[in-house]
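**Student:** Next one to model:
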Amino acid sequence: MSDIADMLRDGDPPPAETSLDEDDRLKPSFVRAVLDHVEDGEAEAARALVRPLHPADIADLFELADRDERAPLAAALGELLTADALSEMNDYVREDIVDVLAPEQVAVFASALDTDDAVAIIEDMDRADQQAVLNALDPEDRAAIEEALSYPEETAGRVMQRDLVAVPEHFTVGQVIDMLRDDGDLTTDFYEIFIVDPLHRPIGTCQLSWVLRTPRDIAMADVMQRDQTLIPVDMDQEEVALRFQKYALISAAVIDPGGRLVGMITVDDILHIVQEEAGEDALLLSGAGDGDINEPIRESYVARVRWLIANLFTALVASTIIYAFGAAIEKMVALAVLMPIVAGVGGNAGTQTLAVTVRAIATNQLTSSNTRRAIVRELRIALLNGLTIAVIAGVGVTLWFGILHLGFVIAAAMTANIVIAGLAGVAIPVTLDRLDQDPAVASSVFVTMITDSMGFLAFLGLAVASGLVSL
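**Tutor:** Numbering: from 1, shown residues only. Model (predicted):
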């Protein structure tokens, strides 16, 4: 912090490199220096530190600040808090900032952003505040954002950009180039030009590189690529991301139910979706809610405790099985010692299969055409794993307790439970998916219940059935 303070005393703002570590993360000393200046009422000193930063780094600064420090920081930075910085922020952090801004300020930010980024800022606001922001927008921006908000969340309509370049098929390359140069209202960020028919339906695309390399008198209809991937406006954003991945797209046209061009989605939007969806599935499997460290404590509590309550009730199934074999356990303490091993290894095996299956469903690798093959594959893997663990556990238990019979019982129980875990790990998410339910939401609860209860039942049942102990 002393180096940064020395630079300020010398009158020179610190270069951005001094604020970042080798992993391009803001240094704790830099963050603390900015916040100390804000706390001391030295707004200009804070702005001098922050001014060299990229908008994404400014967003990180707000995320690293405590919740009660964010409003004073926003007030101190003033014009350095730009629309680009706001769009880069974590959702919860952005909500904190938007809550302290006047609707007119939010409207200024929204009008400076692409429609999809503006919607991300406005969509989570209270209804009254949202309406106040919309009223402060100019009619064109307001109409575009209201249209986007009319589509369901996490669909192509919410994430698409309305600003694009579309030309009629009779245009020549020269006419397109002249239009791009002369029309000051066109968007400045685009990768390809869409060619449309008189009803504004996309009939082809043309990359900018093709336009630059083609003689001016050639018609766009002779240059364009007619085969294109069209995205329905109501398509789920996860499916949109899969199409971009499958067909290696840079951008794609979004069409309404009538086939008319209404927007486009670009690959930078998809990167955010891929990150969001991947993290979402992992967190849903664990029952951790949004899993965001900036999420309010109350929301995190509500999201997590309901799954813990569900686990409590499913654990009662396993406890009931243990209670039924209580007399047998009393006669051989070794059974109580070994039960958690059988259940624990089975649970881990089920979790492995579950993670693979949920990912395969999410990426469209697992469909109705190959479900049977996937189940057989996982059962074969589970059997191999079960036999391997059974040999290790059986030999270990025999040597430790000196009871050969007990070694065979735990080996058989291990094999059975791991095979059951493999079947449950693939069958449960597939079944939920067929029922149009998110397989990541409840699969882990059911798999845990099955592996625990079946592990106890297999181990204690085999012990009794084989005559090792009696009830």
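
**Student:** for stretch 225-234, which positions count as buried?
**Tutor:** Across stretch 225-234, burial judged by 16 or more other CB atoms under 10 Å covers 228, 231, 232, 233. To be clear about C-beta, it is placed using only N, CA and C from the backbone, and glycine gets the same treatment.

**Student:** Just put those residues in TSV and tack on pLDDT, distance to residue 184 and secondary structure.
**Tutor:** What follows is these, written out as TSV (pLDDT from 0 to 100; distance: CB to CB, whole Å; DSSP: H, G, I helix; E, B strand; the rest coil):
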residue	pLDDT	distance to residue 184	secondary structure
228	90	28	coil
231	95	28	strand
232	96	32	strand
233	95	28	coil
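
**Student:** Closest one to residue 144 out of those, please.
**Tutor:** Comparing the buried residues of stretch 225-234 against residue 144 with CB to CB places residue 233 closest, at 13.4 Å.

**Student:** Now for the closest residue to that closest one other than its chain neighbours: which residues touch it?
**Tutor:** Of all residues not flanking residue 233 in the chain, residue 157 sits nearest, at 4.4 Å (CB to CB, 6 or more residues apart in numbering). Residue 157 is in contact with 147, 148, 150, 151, 233, 234, 254, 262, 263, counting by CB atoms under 8 Å, 6 or more residues apart in numbering.

**Student:** Residue 157 and residue 148, how far apart?
**Tutor:** 6 Å (CB to CB, to the nearest Å).

**Student:** The closest residue to residue 249 other than its chain neighbours and residue 266, how far apart?
**Tutor:** Spatial nearest neighbour of residue 249, chain neighbours left out: residue 229 (6.0 Å); criterion: CB to CB, 6+ apart. According to CB to CB, residue 229 stands 13 Å off from residue 266.

**Student:** Pop the domain breakdown of this structure in here.
**Tutor:** Listed domain ranges for the chain are 2-152, 166-286, 297-465 (source: automatic domain parsing).

**Student:** Pick the most deeply packed of the ones you listed.
**Tutor:** Comparing the domains of the chain by mean neighbour count (mean count of other CB atoms under 10 Å), domain 297-465 ranks first with a mean of 18.

**Student:** mean confidence for that one?
**Tutor:** Domain 297-465 shows a mean pLDDT of 89.

**Student:** Figure out how far that domain is from the centre of its chain.
**Tutor:** 27 Å (CA atoms, centre = their mean, to the nearest Å).

**Student:** residue contacts, residue 25?
**Tutor:** When contacts are counted by CB under 8 Å, 6+ apart, residue 25 touches residue 60.

**Student:** Sketch out the helices for the stretch 51-200 of the chain, chain order is fine.
**Tutor:** Counting by DSSP state H, counting those that start in this stretch, the stretch 51-200 of the chain has helices at residues 55-64, 67-77, 83-88, 91-100, 103-111, 115-122, 127-136, 139-149, 156-159, 173-182.

**Student:** got TSV for those helices, with distance to residue 328 and mean pLDDT too?
**Tutor:** Compiled in TSV, the helices of the stretch 51-200 of the chain are given as follows (distance: least, CB to CB, whole Å; pLDDT from 0 to 100):
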stretch	distance to residue 328	mean pLDDT
helix 55-64	55	92
helix 67-77	55	92
helix 83-88	61	88
helix 91-100	52	86
helix 103-111	67	86
helix 115-122	59	83
helix 127-136	61	87
helix 139-149	62	86
helix 156-159	58	90
helix 173-182	82	92
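
**Student:** I'd like those written out as JSON lines, with distance to residue 258 added.
**Tutor:** Below are the helices of the stretch 51-200 of the chain laid out as JSON lines (distance: least, CB to CB, whole Å):
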{"stretch": "helix 55-64", "distance to residue 258": "38"}
{"stretch": "helix 67-77", "distance to residue 258": "43"}
{"stretch": "helix 83-88", "distance to residue 258": "31"}
{"stretch": "helix 91-100", "distance to residue 258": "33"}
{"stretch": "helix 103-111", "distance to residue 258": "28"}
{"stretch": "helix 115-122", "distance to residue 258": "20"}
{"stretch": "helix 127-136", "distance to residue 258": "26"}
{"stretch": "helix 139-149", "distance to residue 258": "14"}
{"stretch": "helix 156-159", "distance to residue 258": "14"}
{"stretch": "helix 173-182", "distance to residue 258": "25"}
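
**Student:** what about those, which gets the closest to residue 238?
**Tutor:** That would be helix 156-159 among those, by CB to CB, at 10.7 Å.

**Student:** Assign the residue nearest the centre of the chain to helix, strand or coil.
**Tutor:** For the chain, the residue sitting closest to the mean C-alpha position, by CA atoms, centre = their mean, is residue 276 at 1.9 Å. Following DSSP: H, G, I helix; E, B strand; the rest coil, the label given to residue 276 is helix.

**Student:** For residue 254, see how far away it is.
**Tutor:** Per CB to CB, residue 276 is found 19 Å from residue 254.

**Student:** where exactly do the strands run in the stretch 251-400 of the chain?
**Tutor:** 251-255, 261-266 (DSSP state E, counting those that start in this stretch).

**Student:** JSON lines for those strands, including mean pLDDT and distance to residue 39?
**Tutor:** As requested, the strands of the stretch 251-400 of the chain are arranged in JSON lines below (pLDDT from 0 to 100; distance: least, CB to CB, whole Å):
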{"stretch": "strand 251-255", "mean pLDDT": "93", "distance to residue 39": "45"}
{"stretch": "strand 261-266", "mean pLDDT": "92", "distance to residue 39": "40"}
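
**Student:** Serialize the ones you listed to CSV and add fields for distance to residue 358.
**Tutor:** Output for the strands of the stretch 251-400 of the chain, formatted as CSV (distance: least, CB to CB, whole Å):
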stretch, distance to residue 358
strand 251-255, 26
strand 261-266, 25
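
**Student:** what about these, which gets the closest to residue 189?
**Tutor:** Using CB to CB, the nearest of the strands of the stretch 251-400 of the chain to residue 189 is strand 261-266, at 8.0 Å.

**Student:** what packs against that closest one?
**Tutor:** helix 156-159, strand 192-196, strand 251-255 (3 or more CB pairs under 8 Å, 6 or more residues apart in numbering; DSSP states H and E).
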